[in-house]
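Participant: A structural model of the following input is requested.
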Amino acid sequence: MSDDTIHESRRSRSRQGLATYLRRIARALGRGEPIPVDEGGTVTVDPAATGDVEVELERADGTVHFEVEMEWPDEAAAVDEDASASKATFELYADSADEYRWRLRHDNGNIVADGGEGYADKRDARSGIESVQRNAPGAHVVDVSRDEEPPEQGGSDATFELFRDNADEYRWRLRHENGNIISDSGQGYASKQKAKQGLESVKSNAPGAAVEEPDE
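Facilitator: Residues are numbered from 1 along each chain as shown. Okay, the predicted model is just below:
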């Protein structure tokens, strides 16, 4: 049987971005779940319990190559080229003030996150969505009421902050390292556990969520 390339992609990533991508793979392996191959998780492979791993580090033509290759028998690895990577959708819309906003709506109808502000330019709203898709999966979670600080290593360029509002409800916000809040829960929760479940939904669903414009 001839070789069949199912998916191939190449892009530059920061250290944090690379750590996030590898962490998603490691988490899926640890849980026995299908491994996301592409950034959005629309291509996955569900490997066998054991397989061969080849690690190669070489220097050639002025470039250092660090390659990790995993192999399983074809019949023991289920490949899904049309995986349902996300159970949510980003909705990009214009509000009553004619500003552009976004919200992340779960398939069950619940809004699990929003941008928290309006943008004069639709492109800025889209950039906000892309920032959440890029940073949410690997973001550390800290409880600001306990003065917790995110670890110095790993993570992404943003941090999930858990806090209690004036109504004594738990909320979360995703704060970029530049200080900007790029997403928030949009609602309060009766318990910290519920707030954590909400942000975990964003972590898992934001990367592969499609962007729709309901008014168009």
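
Participant: drop to CA atoms for contacts and neighbour counts, all remaining ones
Facilitator: Will do.

Participant: Who are the packing partners of the worst-scoring helix or strand of the chain on mean pLDDT?
Facilitator: Confidence across the helices and strands of the chain bottoms out at helix 15-31, with a mean of 77, counting by mean pLDDT, DSSP states H and E. Helices and strands touching helix 15-31, as assessed by 3 or more C-alpha pairs under 8 Å, 6 or more residues apart in numbering; DSSP states H and E, comprise strand 35-36.

Participant: So what touches the strand it packs on?
Facilitator: Contacting residues not belonging to strand 35-36 are listed as 24-25, 28-29, 42-47 [C-alpha atoms under 8 Å, 6 or more residues apart in numbering].

Participant: Looking at the residues you listed, spot the one nearest residue 100.
Facilitator: Among the contacts of strand 35-36, residue 42 lies closest to residue 100 (C-alpha to C-alpha), at 27.4 Å.

Participant: Could you check the pLDDT of the closest one?
Facilitator: At residue 42, the pLDDT value in this model is 75.

Participant: That one touches residue 79, doesn't it?
Facilitator: No. Using C-alpha atoms under 8 Å, residue 42 is not in contact with residue 79; the gap is 10.7 Å.

Participant: how many other residues sit next to residue 184?
Facilitator: Number of residues near residue 184 (other C-alpha atoms under 10 Å) recorded here: 21.

Participant: ok, now which ones touch the nearest residue to it once chain neighbours are set aside?
Facilitator: The shortest distance from residue 184 to any residue that is not its chain neighbour, by C-alpha to C-alpha, 6 or more residues apart in numbering, is 4.1 Å, and that residue is residue 173. In this structure, residue 173 makes contact with 160-162, 181-185, judged by C-alpha under 8 Å, 6+ apart.

Participant: In three-state terms, how would residue 173 be classified?
Facilitator: strand (DSSP: H, G, I helix; E, B strand; the rest coil).

Participant: In which helix or strand does the residue nearest the centre of the chain reside?
Facilitator: Among the residues of the chain, the smallest C-alpha distance to the mean C-alpha position (C-alpha atoms, centre = their mean) belongs to residue 137, namely 3.2 Å. Mapping residue 137 onto the secondary structure by DSSP states H and E places it in no helix or strand at all.

Participant: Distance-wise, check it relative to residue 93.
Facilitator: Taken as C-alpha to C-alpha, to the nearest Å, the spacing of residue 137 relative to residue 93 amounts to 24 Å.

Participant: Same question for residue 68.
Facilitator: When distances are taken as C-alpha to C-alpha, residue 68 and residue 93 turn out to be 42 Å apart.

Participant: who has more neighbours, those two?
Facilitator: Neighbours around residue 68 and residue 93, counted as other C-alpha under 10 Å, are more numerous at residue 93. The numbers are 20 against 10.

Participant: Torsion angles phi and psi at the more buried one?
Facilitator: Backbone dihedrals for residue 93, given as degrees, to the nearest 10, come out at phi -150, psi 170.

Participant: Surely it is in contact with residue 213?
Facilitator: Yes. Using C-alpha under 8 Å, residue 93 and residue 213 qualify as a contacting pair, with a distance of 5.9 Å.
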